Every structure is written in C-alpha cells, then in structure tokens.
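Novice: Just the structure for this:
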Amino acid sequence: KVYSAAIAKTQKIWTAYLDSIMKVGQMQILRRQITNELNYSCRFDSKHLAAALENLNKAILADIEAHYQNPSLPYPKEDNTLLYEITAYLEAAGIHNPLNKIYITTKRLPYFPTVNFLFLISQFPKLQYNRNLGTV
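Specialist: Predicted structure coming up:
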C-alpha cells in the first residue's frame, strides 16, 4: 500500500512538473514568434534601419571580442549608455534571440540537470514529429 501511494504521489509531482514545463515552453515559443514578427515588420517597413542596426550590433560585438582577445584595446565604460540604448533598439526591431536573455537567476540546484534529463526521457514517447510544421 505504501508503495502504490508513493507512486501516485510521484505521478502527481510529474504531472505538476509537466504543466510547469509546458507553460514555460509555450511562453518561450510566444517570445520567439513575437521576435520574428518584430524582425519581419522592421525589415518590411524600414530595411535601412534594420540593416543599420544589424551592422552597428556586429561592429560593437567585434570591438568587444577584440578587447577580450587583446585587453589593451578599448572597452565601453560603465557610464557609457551605448550598449543599453542599442539593446533597446535591437529588441524593438526583433534583432535578438529572446531565448538567450536571462530574466531571473537562482542558486544552483543539485541534481536539477539529471532530473530534467530523466523527465525528458519519460516524455519522449508522447512526442510526434509533424513534417508539415517542422515541429514536434
């Protein structure tokens, strides 16, 4: 009896965990879709603005990368608002990857990657590939 109660409790936990993971996944997909729509609209409405933002972003990233390869090269100072301002423009134009943005941080949880891996393995049989959509 104790064993079946433990299994039922575990299934309840997995179900709640699945619901949470599904909500986060749906939000990530929505964020990605919004970014794609913003990017498309920006390119359609103002291709010159989109090209200028992309080139400015590439130039700044190249300068920062060059600084890390050779620390004697300049790096934007803390009081320089260029990086903050360009980030706002890039996000408004959809020229960024919303999946790389960190909104909150937490302390490291032990065995969290292992639990997620086991959870993913347990959910694989429920997934199906849709060729028309190119998604699972």
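
Novice: How about the contacts made by the spatially most central residue of the chain?
Specialist: Per Cα atoms, centre = their mean, the C-alpha nearest to the average position across the chain is that of Leu99, at 1.0 Å. Leu99 sits next to 28, 31-32 when contact means Cβ atoms under 8 Å, 6 or more residues apart in numbering. Any C-beta I mention is one placed from the backbone N, CA and C, and that applies to glycine too.

Novice: rerun that using 10 Å as the cut-off
Specialist: Applying Cβ atoms under 10 Å, 6 or more residues apart in numbering to Leu99 gives the contacts 28-29, 31-32, 35.

Novice: Mind checking which of the residues you listed are buried?
Specialist: Listed as buried from the contacts of Leu99 are Thr35; burial here means 16 or more other Cβ atoms under 10 Å.

Novice: which one of the contacts of Leu99 sits closest to Leu56?
Specialist: Thr35 (18.3 Å; Cβ to Cβ).

Novice: Remind me what whichever strand or helix holds the closest one packs against, helices and strands.
Specialist: Secondary structure assignment for Thr35, by DSSP states H and E: helix 2-45. On a contact count with 3 or more Cβ pairs under 10 Å, 6 or more residues apart in numbering; DSSP states H and E, helix 2-45 meets helix 47-69, helix 82-93, helix 112-123.

Novice: and of these, who's closest to Ser4?
Specialist: Ser4 lies closest to helix 112-123 among these, at 18.8 Å (Cβ to Cβ).
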